[in-house]
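Engineer: give me a 3D structure for the following:
(one chain, ligands or ions: 1)
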Amino acid sequence: FCPKGRPSPCGKVNPKILKNSPKVVDTIDVEDINEKAVFCRCWRSKNWPYCDGSHGSHNTETGDNVGPLIIKKE
Ligand code: FES
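Structural biologist: I've put the predicted structure just below:
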């Protein structure tokens with residue numbers, strides 16, 4: 001059963017990233033971040049783990065409101 005308007009596959013957050021892995025874990029060293037880094041939280045980016053703007057079309061298609069995590073250095 002998949003509620004109407006629910007992204008496919010139903011009940012899963014991650015539709016396509018590293019699906020052959022039992023768990024998706026990413027590690028970024030703080031020293032490798034210049035002024036800022038923008039990380040995907042919608043699981044639709046083609047540049048995972050970074051945001052590529054795909055959350056915009058996901059939000060339009062589903063009515064969702066997800067966006068990236070932005071890490072800034074002062
Ligand atoms: Fe996923 Fe921007 S592409 S949050």
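Engineer: is stretch 56-68 up against the ligand anywhere?
Structural biologist: Yes - Stretch 56-68 lies within reach of the ligand by C-beta under 6 Å from any ligand atom, at 66-68. Placement of C-beta: from N, CA and C, glycine included.
Engineer: by neighbours, which of those wins?
Structural biologist: For those, the largest number of neighbours (other C-beta atoms under 10 Å) sits with Pro68, at 17 neighbours.
Engineer: how about the contacts made by that one?
Structural biologist: 38-42, 51, 55 (C-beta atoms under 8 Å, 6 or more residues apart in numbering).
Engineer: 6 Å - rerun?
Structural biologist: 38-41, 51 (C-beta atoms under 6 Å, 6 or more residues apart in numbering).
Engineer: and for Cys40, the neighbour number?
Structural biologist: For Cys40, the neighbour count with other C-beta under 10 Å is 23.
Engineer: repeat for Trp43
Structural biologist: For Trp43, using other C-beta under 10 Å, the count is 19.
Engineer: pretty sure it contacts Lys12?
Structural biologist: No - using C-beta atoms under 6 Å, Trp43 is not in contact with Lys12, being 9.0 Å away.
Engineer: what is the nearest of the contacts of Pro68 to Ile17?
Structural biologist: Proximity of those to Ile17 (C-beta to C-beta) peaks at Cys40, which lies at 8.8 Å.
Engineer: ok, the closest one touching Cys51?
Structural biologist: Yes - assessed by C-beta under 6 Å, Cys40 is found in contact with Cys51 at 4.6 Å.
Engineer: pLDDT averaged over stretch 56-64 - what is it?
Structural biologist: The average pLDDT within stretch 56-64 is 94.
Engineer: using CSV, write out every CA atom in that stretch.
Structural biologist: Output of stretch 56-64 as CSV, limited to C-alpha atoms (Å, rounded to 0.1, in the frame of the first residue of the first chain):
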residue,chain,number,x,y,z
GLY,A,56,13.4,21.9,-6.0
SER,A,57,11.8,19.5,-8.5
HIS,A,58,11.2,17.0,-5.8
ASN,A,59,9.3,19.6,-3.7
THR,A,60,7.3,20.7,-6.7
GLU,A,61,6.3,17.2,-7.7
THR,A,62,5.4,15.9,-4.2
GLY,A,63,4.4,19.0,-2.2
ASP,A,64,7.4,18.3,0.1
